[in-house]
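Q: here is a sequence with its predicted model. Questions after.
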Amino acid sequence: MALKPSRFIVFHTYISFIYLVMYVAKTSSFDGYGLLFTSLVLAPLFLAIYGGLPVDCLNYQTAISRELEVIDN
């Protein structure tokens with residue numbers, strides 16, 4: 001994220017959005033705020049999987065090599 005500040009801003013904006021939605025849901029006595037929170041937290045993961053998340057995304061060595069390729073270029 002240090003190399004792409006726009007991703008940093010989008011990430012923190014989304015986290016702030018989740019907090020705002022949860023605050024509104026709790027203050028308005030919405031009973032399903034737990035389900036709402038879970039769906040908001042998991043939505044980016046599901047969108048990434050839908051968009052073609054690489055199979056080796058959780059492999060530590062592959063992630064480091066990708067980061068090093070970005071830094072070298």
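A: Yep, that arrived.
Q: what about the helices in the chain?
A: Applying DSSP state H to the chain gives helices spanning 5-27, 33-50, 60-72.
Q: same list (these) but as JSON lines, adding mean neighbour count and mean pLDDT.
A: Where you see a C-beta, it was placed from the backbone N, CA and C, and this is true even at glycine. Formatted as JSON lines, those follow (neighbours: other Cβ atoms under 10 Å; pLDDT from 0 to 100):
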{"stretch": "helix 5-27", "mean neighbour count": "12", "mean pLDDT": "91"}
{"stretch": "helix 33-50", "mean neighbour count": "12", "mean pLDDT": "88"}
{"stretch": "helix 60-72", "mean neighbour count": "10", "mean pLDDT": "80"}
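Q: pLDDT at the residue lying farthest from the centre of the chain, what is it?
A: Computed with Cα atoms, centre = their mean, the residue of the chain farthest from its C-alpha average is S29, at 26.3 Å. In this model, S29 is scored at 84, pLDDT.
Q: now it. Its backbone dihedrals?
A: Reported as degrees, to the nearest 10, the phi and psi values for S29 are phi 60, psi 40.
Q: OK, contacts around it?
A: Applying Cβ atoms under 8 Å, 6 or more residues apart in numbering, we find S29 in contact with no residue.
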